[in-house]
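Q: I need the structure of the sequence given here:
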Amino acid sequence: MDPSNPAKSNKRPPERPKPDPKSHSSSSAVSAADTHPSSAKKPRPNHYHTPHHHKPGHDRRSKPDTSSSSNRVVKASHVLIKHQGSRRKASWRDPDGVRISATTREAAVERLQQIRDEIESGKTRFEEAATQHSDCSSYKRGGDLGPFGRGKMQKPFEEAAFALKVGEMSDIIDTDSGVHIILRTA
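A: Residues are numbered from 1 along each chain as shown. Model (predicted):
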């Protein structure tokens, strides 16, 4: 009770009189519980348990799959050797495409296999091999392509990059650009 204001008190408000059941028909009888706002029972919406804004079959509480093939983004480096079948027969190393146009696919594969063997044996590092031998402009960054998601690279390259584990190097991969070896870095 507020001593400074005698009108305010801690008393409950007076109860409403209950309607006389005899004066109303049973279908229109209303109790005090039915009319009191705090006792009104409203149906709760069922959206608390319905994943209406999620993809079917997706449970947002489950842990994400961290296997290499399900990642949305990977980071990789590569060494590209172009050949006469490449879609663009020029590179930073051969601006006019003279060497590339004279290189068969088989010769490009053989050269790339030698580079891969040197990396695997520890004779050279992947970044050094990319800087010295790659026909891609990523040679400036040691072959680093940065992060990329699905649909950003040619399909064979993408599939190989996503299938690799971090730190793993691919076999020779054929694309319209030429032949590659890929090192997944993240």
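
Q: so after the strand or helix carrying Leu112, what's the next helix or strand?
A: Under the criterion of DSSP states H and E, Leu112 resides in helix 105-121. Using DSSP H and E, the next helix or strand after helix 105-121 towards the C-terminus is helix 126-133.

Q: and that next one, what does it pack onto?
A: Judged by 3 or more C-beta pairs under 8 Å, 6 or more residues apart in numbering; DSSP states H and E, helix 126-133 is in contact with strand 73-81, helix 105-121. (Each C-beta comes from the backbone N, C-alpha and C, glycine too.)

Q: what is the mean pLDDT for it?
A: Average pLDDT, helix 126-133: 98.

Q: Give me the contact list for it.
A: Identification of contacts with helix 126-133 by C-beta atoms under 8 Å, 6 or more residues apart in numbering yields 77-79, 81, 111, 115, 118-119, 136, 138-140, 142-144, 169, 183.

Q: got the angle between it and strand 73-81?
A: Helix 126-133 and strand 73-81 are oriented at 40 degrees to each other (axes from the mean of the first three to the mean of the last three C-alpha atoms, to 10 degrees).

Q: Name the next helix or strand downstream of helix 126-133, please.
A: Trace forward from helix 126-133 with DSSP H and E and the next one is strand 144-149.

Q: can I have that following strand written out in PDB, keeping just the CAs?
A: Provided in PDB are the C-alpha atoms of strand 144-149 (Å, rounded to 0.1, in the frame of the first residue of the first chain):
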ATOM      1  CA  ASP A 144      47.000 -19.500 -55.200                       C
ATOM      2  CA  LEU A 145      43.500 -19.200 -56.500                       C
ATOM      3  CA  GLY A 146      42.100 -18.100 -53.200                       C
ATOM      4  CA  PRO A 147      38.700 -19.400 -51.900                       C
ATOM      5  CA  PHE A 148      36.000 -20.500 -54.300                       C
ATOM      6  CA  GLY A 149      32.700 -22.200 -54.200                       C
END
